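Undergrad: Structure here, sequence nowhere to be found:
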C-alpha cells in the first residue's frame, strides 16, 4: 500500500497495487460550522455543497470506488444543529451515488453521527487498519493494532504554517505534517512500545476552519500521540502543492 498526497488538494490516495485500487482519504469537513458562526453574528452561506462538489470531482478524476473520512464530518458538539441534521445525510447520500464503499472514523465532533448516515462503515475513534496503514482521527489513543502499522494517518489538528513577510503581513497556508514515531516513555502501558515508523497529519478539507500554525513558538499539537510520541521539532512540513518547507524547527517565527 502506497501513500500519495494529491497535489494542491487536502486529500491523499492509498494505492493498493495488488487490488489495482485507489482509496481516497480526507478529513475535517465540519459541516455546520456556519451555524455556530451565525450565532456569533457572522453570516456565511453553507459550504457543504461546495465541499461535496470538490470531493465528487476528486472521486471522478481518480476513479475512486472507496472513500475514507478520518472524522469530524459535522461540527457542533456534543449534539447537532438543525443544519447538520439536514445536510449531513444529504452529503453522504450524494457520496454513496459515486462510490461503492465509505469508511468513516468517528471524530470528536461526530456525536450522534451513526443516526445520520446510511450504508456507511462507521469505525470507532480508535481507528482501523488497511494493510500496513493505520487510520484514526487523533483526539484519542488509537488501538494497538493501528499503532503497529508501518504508517499512521491522522487528522484533528488542522495543521497550517504561518508566513510573515518583511512588512509584517501575515498569511496562513494549510500543510501536511510527517513525523517519526517514538516509543511512549512510560512503563504503564506496554501496548504502545511496538509502534509504526511514521505519523502523517492530514490538513483539514474545509477551508473555513481555523488551523494550528505549527511554526508559531507557542503552538502545540492536540491529541495524545502527537503530544507524547513524536519529535515535533524534527517534523517535516509540506504545503498542499508538495513544496517541502523543511523541518519545523527551522520554520519557527
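TA: Sure, I can see it. Keep in mind that this is a model prediction, so the values were computed, not measured.
Undergrad: which stretches of the stretch 101-250 of the chain form helices?
TA: For the stretch 101-250 of the chain, the helices defined by DSSP state H, counting those that start in this stretch cover 144-147, 224-228.
Undergrad: for the ones you listed, which one ends up most surrounded?
TA: helix 144-147 (a mean of 18; mean count of other Cβ atoms under 10 Å). (Glycine included, C-beta is placed from N, CA and C.)
Undergrad: Poorly predicted segments of the stretch 101-250 of the chain, please.
TA: 184-196 (pLDDT under 70).
Undergrad: Tell me where it has strands.
TA: 101-105, 121-123, 128-130, 133-135, 151-154, 159-164, 170-180, 198-201, 212-213, 236-239, 244-247 (DSSP state E, counting those that start in this stretch).
Undergrad: Mind giving me the packing neighbours of the last one?
TA: For strand 244-247, the contact count by 3 or more Cβ pairs under 8 Å, 6 or more residues apart in numbering; DSSP states H and E identifies strand 236-239 as packing neighbours.
Undergrad: Sheet-wise, list the partners of the strand it packs on with their directions.
TA: Taking DSSP bridges as the criterion, strand 236-239 sits next to strand 170-180 (antiparallel), strand 244-247 (antiparallel) in its sheet.
Undergrad: Compare those and give me the one nearest residue 127.
TA: Counting by Cβ to Cβ, residue 127 lies closest to strand 170-180 out of the strands paired with strand 236-239; the figure is 17.2 Å.
Undergrad: buried residues in the closest one?
TA: Across strand 170-180, burial judged by 16 or more other Cβ atoms under 10 Å covers 173-179.
Undergrad: And those, which is closest to residue 6?
TA: residue 176 (10.8 Å).
Undergrad: hang on, that closest one packs against residue 237?
TA: Yes - taking Cβ atoms under 8 Å as the definition, residue 176 is a contact partner of residue 237 at 7.3 Å.
Undergrad: ok, residue 34 to residue 83 distance?
TA: 7 Å (Cβ to Cβ, to the nearest Å).
Undergrad: meant to ask about residue 39, not that
TA: Residue 39 is 11 Å from residue 83, by Cβ to Cβ.
Undergrad: between these two, who's got more neighbours?
TA: Counted by other Cβ atoms under 10 Å, residue 39 and residue 83 do not tie: residue 83 has more neighbours, with 20 against 9.
Undergrad: secondary structure class for that one?
TA: Of the three states, residue 83 takes helix under DSSP: H, G, I helix; E, B strand; the rest coil.
Undergrad: show me the contacts for it.
TA: 31-32, 34-35, 46 (Cβ atoms under 8 Å, 6 or more residues apart in numbering).
Undergrad: Please read off the pLDDT at it from the model.
TA: Here the pLDDT value assigned to residue 83 is 89.
Undergrad: Stretch 163-178: how far from the chain's middle?
TA: 20 Å (Cα atoms, centre = their mean, to the nearest Å).
Undergrad: Quick check: end-to-end length of it?
TA: 19 Å (Cα to Cα, to the nearest Å).
Undergrad: who are the neighbours in contact with the residue nearest the centre of the chain?
TA: Centroid check for the chain by Cα atoms, centre = their mean gives residue 155 as the closest residue, at 3.0 Å. Contact partners of residue 155, counting by Cβ under 8 Å, 6+ apart, are 27-28, 70-72, 107, 137-138, 201-202, 204.
Undergrad: if I look at the residue nearest to residue 141 when sequence neighbours are not counted, how far off is residue 156?
TA: Residue nearest to residue 141 in three dimensions, not counting chain neighbours: residue 224, with 5.3 Å by Cβ to Cβ, 6 or more residues apart in numbering. For residue 224, the distance to residue 156 equals 11 Å [Cβ to Cβ].
Undergrad: One more: residue 16?
TA: For residue 16, the distance to residue 156 - Cβ to Cβ - is 25 Å.
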